[in-house]
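Student: next input, structure requested:
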Amino acid sequence: MPLDHRRLRGPDESQPPALWAAGAEEDEAGAGEGEAAAAPRDPCALRPLFARAGLLSQAEGSAYVELSGGTKVLCAAWGPREAAEPGGTAAAGGGRLACEFRRAPFSGRGARPRPGGAAEREAEREAAAALREALEPAVRLARYPRARLAVSALLLQDGGSALAAAVSAASLALADAGVEMYDLAVGCALCRDPGDPAGPWLLQPGEAEERRAAARLTLALLPALNQVSAVLGGGRGGDPEGWGQALRLGLDGCHRLYPVLRQSLLRAARRRDAAHSA
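Tutor: Sure, this is the predicted structure:
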(Lines give C-alpha, C1' and ligand atoms only; values in the text may rest on other atoms or scores of the structure.)
Protein backbone atom coordinates (compact mmCIF):
# COMPACT_ATOMS: atom_id res chain seq x y z
CA MET A 1 0.00 0.00 0.00
CA PRO A 2 1.52 3.38 -0.99
CA LEU A 3 2.28 5.85 1.79
CA ASP A 4 0.36 9.12 2.00
CA HIS A 5 3.11 11.75 2.44
CA ARG A 6 0.55 14.54 2.85
CA ARG A 7 -0.40 13.37 6.34
CA LEU A 8 1.54 12.89 9.54
CA ARG A 9 1.33 9.38 10.92
CA GLY A 10 0.18 9.49 14.52
CA PRO A 11 0.90 6.97 17.29
CA ASP A 12 -1.01 3.72 17.45
CA GLU A 13 -2.21 4.58 20.99
CA SER A 14 -3.13 8.08 22.16
CA GLN A 15 -4.76 9.80 25.12
CA PRO A 16 -7.07 12.83 25.22
CA PRO A 17 -5.18 16.13 25.90
CA ALA A 18 -7.56 16.97 28.76
CA LEU A 19 -6.12 14.09 30.78
CA TRP A 20 -2.61 15.56 30.72
CA ALA A 21 -3.86 19.11 31.27
CA ALA A 22 -5.64 18.07 34.48
CA GLY A 23 -2.51 16.33 35.75
CA ALA A 24 -0.36 19.39 35.01
CA GLU A 25 -2.76 21.64 36.94
CA GLU A 26 -2.67 19.31 39.94
CA ASP A 27 1.14 19.20 39.87
CA GLU A 28 1.34 22.99 39.64
CA ALA A 29 -1.13 23.45 42.48
CA GLY A 30 0.72 20.93 44.64
CA ALA A 31 4.04 22.62 43.94
CA GLY A 32 2.56 26.02 44.79
CA GLU A 33 1.19 24.72 48.09
CA GLY A 34 4.51 23.12 48.95
CA GLU A 35 6.44 26.32 48.23
CA ALA A 36 3.97 28.37 50.26
CA ALA A 37 4.31 25.99 53.19
CA ALA A 38 8.10 25.95 52.97
CA ALA A 39 8.54 29.72 52.56
CA PRO A 40 5.98 31.81 54.51
CA ARG A 41 5.06 35.03 52.79
CA ASP A 42 6.25 38.32 54.25
CA PRO A 43 3.00 40.35 54.58
CA CYS A 44 4.84 43.67 54.11
CA ALA A 45 6.79 42.55 51.02
CA LEU A 46 5.87 44.09 47.68
CA ARG A 47 5.73 41.91 44.59
CA PRO A 48 8.33 43.06 42.02
CA LEU A 49 6.72 45.41 39.51
CA PHE A 50 7.70 46.09 35.90
CA ALA A 51 6.30 49.17 34.16
CA ARG A 52 6.84 50.59 30.69
CA ALA A 53 5.18 53.63 29.15
CA GLY A 54 4.83 54.57 25.50
CA LEU A 55 4.84 51.16 23.81
CA LEU A 56 1.70 51.43 21.61
CA SER A 57 1.97 53.52 18.46
CA GLN A 58 -1.79 53.42 17.80
CA ALA A 59 -2.62 55.33 21.01
CA GLU A 60 -1.68 58.81 22.15
CA GLY A 61 -0.49 57.36 25.44
CA SER A 62 0.04 53.81 26.65
CA ALA A 63 1.52 51.80 29.49
CA TYR A 64 2.14 48.18 30.44
CA VAL A 65 2.37 47.01 34.06
CA GLU A 66 3.32 43.51 35.17
CA LEU A 67 3.45 42.14 38.70
CA SER A 68 5.55 39.18 39.69
CA GLY A 69 3.16 36.27 39.90
CA GLY A 70 1.40 36.80 36.59
CA THR A 71 -0.69 39.99 36.64
CA LYS A 72 -0.36 41.80 33.30
CA VAL A 73 -2.29 44.95 32.35
CA LEU A 74 -2.08 46.98 29.15
CA CYS A 75 -3.61 50.48 29.06
CA ALA A 76 -4.12 53.05 26.30
CA ALA A 77 -5.22 56.68 26.56
CA TRP A 78 -6.67 59.11 24.01
CA GLY A 79 -7.59 62.77 24.17
CA PRO A 80 -8.44 65.43 24.80
CA ARG A 81 -11.09 65.34 22.10
CA GLU A 82 -14.33 67.18 21.62
CA ALA A 83 -17.13 65.61 23.66
CA ALA A 84 -19.66 65.20 20.87
CA GLU A 85 -21.80 62.77 22.85
CA PRO A 86 -22.60 62.60 26.57
CA GLY A 87 -20.66 60.05 28.56
CA GLY A 88 -18.32 59.63 31.49
CA THR A 89 -18.46 62.10 34.35
CA ALA A 90 -17.83 65.83 34.16
CA ALA A 91 -16.23 68.16 36.64
CA ALA A 92 -17.63 71.65 37.14
CA GLY A 93 -16.71 73.51 33.94
CA GLY A 94 -14.23 70.77 33.06
CA GLY A 95 -13.92 67.81 30.76
CA ARG A 96 -15.06 64.22 30.93
CA LEU A 97 -13.04 61.14 31.75
CA ALA A 98 -14.33 57.89 30.26
CA CYS A 99 -12.79 54.63 31.50
CA GLU A 100 -13.10 51.11 30.13
CA PHE A 101 -11.94 47.89 31.78
CA ARG A 102 -11.94 44.60 29.90
CA ARG A 103 -10.69 41.11 30.64
CA ALA A 104 -9.07 39.05 27.93
CA PRO A 105 -10.76 35.65 27.40
CA PHE A 106 -7.52 33.93 28.44
CA SER A 107 -6.79 36.19 31.45
CA GLY A 108 -7.81 33.82 34.24
CA ARG A 109 -7.29 30.16 35.08
CA GLY A 110 -10.04 27.80 36.10
CA ALA A 111 -13.76 28.60 36.17
CA ARG A 112 -14.74 32.11 35.13
CA PRO A 113 -17.95 33.81 33.92
CA ARG A 114 -18.98 33.14 30.35
CA PRO A 115 -17.24 35.65 28.03
CA GLY A 116 -19.68 38.39 27.14
CA GLY A 117 -22.17 37.20 29.76
CA ALA A 118 -24.12 39.43 32.12
CA ALA A 119 -21.93 38.57 35.13
CA GLU A 120 -18.70 39.44 33.31
CA ARG A 121 -20.13 42.66 31.88
CA GLU A 122 -21.25 43.73 35.34
CA ALA A 123 -17.82 42.98 36.84
CA GLU A 124 -16.10 44.95 34.08
CA ARG A 125 -18.52 47.85 34.57
CA GLU A 126 -17.77 47.97 38.30
CA ALA A 127 -14.02 47.85 37.65
CA ALA A 128 -14.31 50.69 35.11
CA ALA A 129 -16.23 52.81 37.63
CA ALA A 130 -13.58 52.17 40.30
CA LEU A 131 -10.86 53.04 37.79
CA ARG A 132 -12.53 56.35 36.94
CA GLU A 133 -13.00 57.16 40.62
CA ALA A 134 -9.28 56.62 41.25
CA LEU A 135 -8.10 58.66 38.24
CA GLU A 136 -10.40 61.69 38.31
CA PRO A 137 -8.69 63.44 41.27
CA ALA A 138 -5.32 63.05 39.51
CA VAL A 139 -6.36 64.65 36.18
CA ARG A 140 -6.77 68.41 35.77
CA LEU A 141 -10.15 68.13 34.05
CA ALA A 142 -10.78 71.88 34.47
CA ARG A 143 -8.06 72.51 31.89
CA TYR A 144 -10.06 70.62 29.25
CA PRO A 145 -13.52 72.23 29.07
CA ARG A 146 -16.02 70.43 26.82
CA ALA A 147 -13.41 67.79 26.05
CA ARG A 148 -13.31 64.05 26.54
CA LEU A 149 -10.43 61.90 27.75
CA ALA A 150 -10.61 58.13 27.27
CA VAL A 151 -8.72 55.34 29.01
CA SER A 152 -8.96 51.66 28.13
CA ALA A 153 -7.47 48.95 30.36
CA LEU A 154 -7.06 45.38 29.16
CA LEU A 155 -6.30 42.67 31.71
CA LEU A 156 -4.11 40.17 29.88
CA GLN A 157 -3.49 37.89 32.86
CA ASP A 158 -5.02 37.93 36.33
CA GLY A 159 -2.50 36.94 38.97
CA GLY A 160 -4.04 39.03 41.76
CA SER A 161 -4.18 42.77 42.53
CA ALA A 162 -5.47 43.38 39.01
CA LEU A 163 -7.45 46.57 39.75
CA ALA A 164 -4.51 48.15 41.59
CA ALA A 165 -2.21 47.36 38.65
CA ALA A 166 -4.79 48.83 36.25
CA VAL A 167 -4.90 52.08 38.24
CA SER A 168 -1.12 52.48 38.01
CA ALA A 169 -1.05 51.55 34.30
CA ALA A 170 -3.92 53.89 33.39
CA SER A 171 -2.28 56.77 35.25
CA LEU A 172 0.97 56.15 33.37
CA ALA A 173 -0.90 56.04 30.05
CA LEU A 174 -2.58 59.40 30.72
CA ALA A 175 0.74 61.00 31.65
CA ASP A 176 2.36 59.48 28.55
CA ALA A 177 -0.40 61.05 26.42
CA GLY A 178 0.60 64.50 27.72
CA VAL A 179 -2.53 65.00 29.81
CA GLU A 180 -2.06 67.59 32.56
CA MET A 181 -2.19 65.84 35.93
CA TYR A 182 -1.67 66.79 39.55
CA ASP A 183 0.23 63.56 40.15
CA LEU A 184 0.39 59.91 39.17
CA ALA A 185 -2.22 57.71 40.81
CA VAL A 186 -0.55 54.64 42.34
CA GLY A 187 -2.68 51.60 43.15
CA CYS A 188 -2.05 49.05 45.87
CA ALA A 189 -4.14 46.07 47.00
CA LEU A 190 -4.33 44.17 50.30
CA CYS A 191 -6.20 41.18 51.69
CA ARG A 192 -6.63 39.35 54.99
CA ASP A 193 -6.39 35.60 55.48
CA PRO A 194 -9.73 34.06 56.59
CA GLY A 195 -7.93 31.60 58.86
CA ASP A 196 -6.73 34.42 61.12
CA PRO A 197 -9.21 37.34 61.31
CA ALA A 198 -6.82 39.23 63.57
CA GLY A 199 -3.76 38.36 61.51
CA PRO A 200 -1.69 40.67 59.33
CA TRP A 201 -2.82 42.17 56.05
CA LEU A 202 -0.98 40.98 52.93
CA LEU A 203 0.35 43.54 50.47
CA GLN A 204 -0.33 42.91 46.76
CA PRO A 205 -1.98 39.50 47.19
CA GLY A 206 -1.86 36.87 44.50
CA GLU A 207 -4.88 35.38 42.79
CA ALA A 208 -5.08 32.40 45.18
CA GLU A 209 -4.74 34.68 48.23
CA GLU A 210 -7.50 36.98 46.95
CA ARG A 211 -9.81 34.05 46.22
CA ARG A 212 -9.74 32.79 49.82
CA ALA A 213 -9.45 36.22 51.51
CA ALA A 214 -11.90 37.23 54.23
CA ALA A 215 -11.43 40.94 53.45
CA ARG A 216 -9.98 42.91 50.55
CA LEU A 217 -8.87 46.50 50.16
CA THR A 218 -7.71 48.45 47.09
CA LEU A 219 -6.60 52.07 47.39
CA ALA A 220 -5.16 54.70 45.07
CA LEU A 221 -2.80 57.43 46.26
CA LEU A 222 -1.35 60.63 44.80
CA PRO A 223 2.03 60.40 46.59
CA ALA A 224 3.32 63.91 45.83
CA LEU A 225 0.16 65.42 47.35
CA ASN A 226 -0.23 62.66 49.96
CA GLN A 227 -3.89 62.46 48.95
CA VAL A 228 -5.96 59.28 48.72
CA SER A 229 -8.01 59.36 45.52
CA ALA A 230 -10.01 56.16 46.01
CA VAL A 231 -10.65 53.39 48.54
CA LEU A 232 -12.50 50.21 47.66
CA GLY A 233 -12.87 47.49 50.26
CA GLY A 234 -15.16 44.91 51.73
CA GLY A 235 -15.37 41.74 53.80
CA ARG A 236 -14.76 40.83 57.42
CA GLY A 237 -11.63 42.77 58.27
CA GLY A 238 -12.06 42.84 62.03
CA ASP A 239 -12.30 45.97 64.17
CA PRO A 240 -11.80 49.54 62.82
CA GLU A 241 -8.20 49.47 64.01
CA GLY A 242 -7.59 46.57 61.64
CA TRP A 243 -8.85 48.59 58.67
CA GLY A 244 -6.71 51.52 59.82
CA GLN A 245 -3.69 49.24 59.86
CA ALA A 246 -4.52 48.14 56.31
CA LEU A 247 -4.73 51.75 55.14
CA ARG A 248 -1.36 52.61 56.66
CA LEU A 249 0.24 49.54 55.09
CA GLY A 250 -1.32 50.33 51.70
CA LEU A 251 -0.15 53.95 51.81
CA ASP A 252 3.37 52.78 52.54
CA GLY A 253 3.18 50.36 49.61
CA CYS A 254 2.04 53.14 47.24
CA HIS A 255 4.94 55.36 48.30
CA ARG A 256 7.37 52.50 47.61
CA LEU A 257 5.91 51.86 44.14
CA TYR A 258 5.89 55.53 43.14
CA PRO A 259 9.59 55.79 42.10
CA VAL A 260 9.24 52.78 39.76
CA LEU A 261 6.36 54.44 37.88
CA ARG A 262 8.15 57.79 37.69
CA GLN A 263 11.29 56.19 36.26
CA SER A 264 9.19 54.39 33.65
CA LEU A 265 7.65 57.70 32.57
CA LEU A 266 11.05 59.40 32.40
CA ARG A 267 12.49 56.58 30.27
CA ALA A 268 9.56 56.88 27.85
CA ALA A 269 10.14 60.65 27.55
CA ARG A 270 13.84 60.10 26.82
CA ARG A 271 13.04 57.51 24.14
CA ARG A 272 10.58 59.91 22.52
CA ASP A 273 13.10 62.76 22.53
CA ALA A 274 15.80 60.52 21.06
CA ALA A 275 13.44 59.39 18.28
CA HIS A 276 12.50 62.98 17.41
CA SER A 277 16.14 64.14 17.35
CA ALA A 278 17.27 61.22 15.18
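Student: flag every buried residue along stretch 242-252.
Tutor: For stretch 242-252, burial by neighbour count (16 or more other CB atoms under 10 Å) applies to 242-243, 245-247, 249-251. Where C-beta positions appear, they are placed from N, C-alpha and C, glycine not excepted.
Student: those residues in helices, which ones?
Tutor: 242-243, 245-247, 249-251 (DSSP state H).
Student: so which of those is the closest to Ser152?
Tutor: Gly250 (25.6 Å; CB to CB).
Student: Ala138: which of the buried residues of stretch 242-252 is nearest?
Tutor: Leu251 (15.7 Å).
Student: which one is the closest one nearest to, not counting chain neighbours?
Tutor: Leu221 (6.0 Å; CB to CB, 6 or more residues apart in numbering).
Student: so what's that neighbour bridging to?
Tutor: Bridge pairing for Leu221 (DSSP bridges) gives the partners Val186, Val228.
Student: swap in Leu155?
Tutor: Val73, Arg103.
Student: distance check, Leu221 against Ser229.
Tutor: 7 Å (CB to CB, to the nearest Å).
Student: neighbour-wise, which of these two wins?
Tutor: The neighbour comparison of Leu221 against Ser229 (other CB atoms under 10 Å) goes to Leu221, with 29 against 22.
Student: what is in contact with Leu221 and Ser229 at once?
Tutor: Common neighbours of Leu221 and Ser229, using CB atoms under 8 Å, 6 or more residues apart in numbering, are Ala185.
Student: closest one of the buried residues of stretch 242-252 to Glu66?
Tutor: Gly250 (20.1 Å).
Student: how about the strands in this structure?
Tutor: 49-53, 61-67, 72-82, 89-90, 96-103, 147-157, 186-192, 201-203, 215-222, 227-235 (DSSP state E).
Student: so the third one versus strand 96-103, what angle?
Tutor: The directions of strand 72-82 and strand 96-103 differ by 150 degrees, with axes from the mean of the first three to the mean of the last three CA atoms, to 10 degrees as the criterion.
Student: any buried residues in strand 72-82, and which?
Tutor: For strand 72-82, by 16+ other CB under 10 Å, it's 72-80.
Student: swap in the last one?
Tutor: Neighbour-count burial for strand 227-235 flags 228-233 (criterion: 16+ other CB under 10 Å).
Student: follow-up on the earlier one: okay, the ones in helices among the buried residues of stretch 242-252 in TSV with pLDDT and distance to Ala147 next?
Tutor: Listed next are these as TSV, based on pLDDT from 0 to 100; distance: CB to CB, whole Å:
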residue	pLDDT	distance to Ala147
Gly242	80	42
Trp243	85	38
Gln245	87	41
Ala246	89	37
Leu247	91	34
Leu249	92	37
Gly250	93	32
Leu251	94	32
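Student: now tabulate those in JSON lines and tack on distance to Leu163.
Tutor: Putting these into JSON lines (distance: CB to CB, whole Å) gives the following:
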{"residue": "Gly242", "distance to Leu163": "21"}
{"residue": "Trp243", "distance to Leu163": "18"}
{"residue": "Gln245", "distance to Leu163": "21"}
{"residue": "Ala246", "distance to Leu163": "15"}
{"residue": "Leu247", "distance to Leu163": "16"}
{"residue": "Leu249", "distance to Leu163": "17"}
{"residue": "Gly250", "distance to Leu163": "13"}
{"residue": "Leu251", "distance to Leu163": "17"}
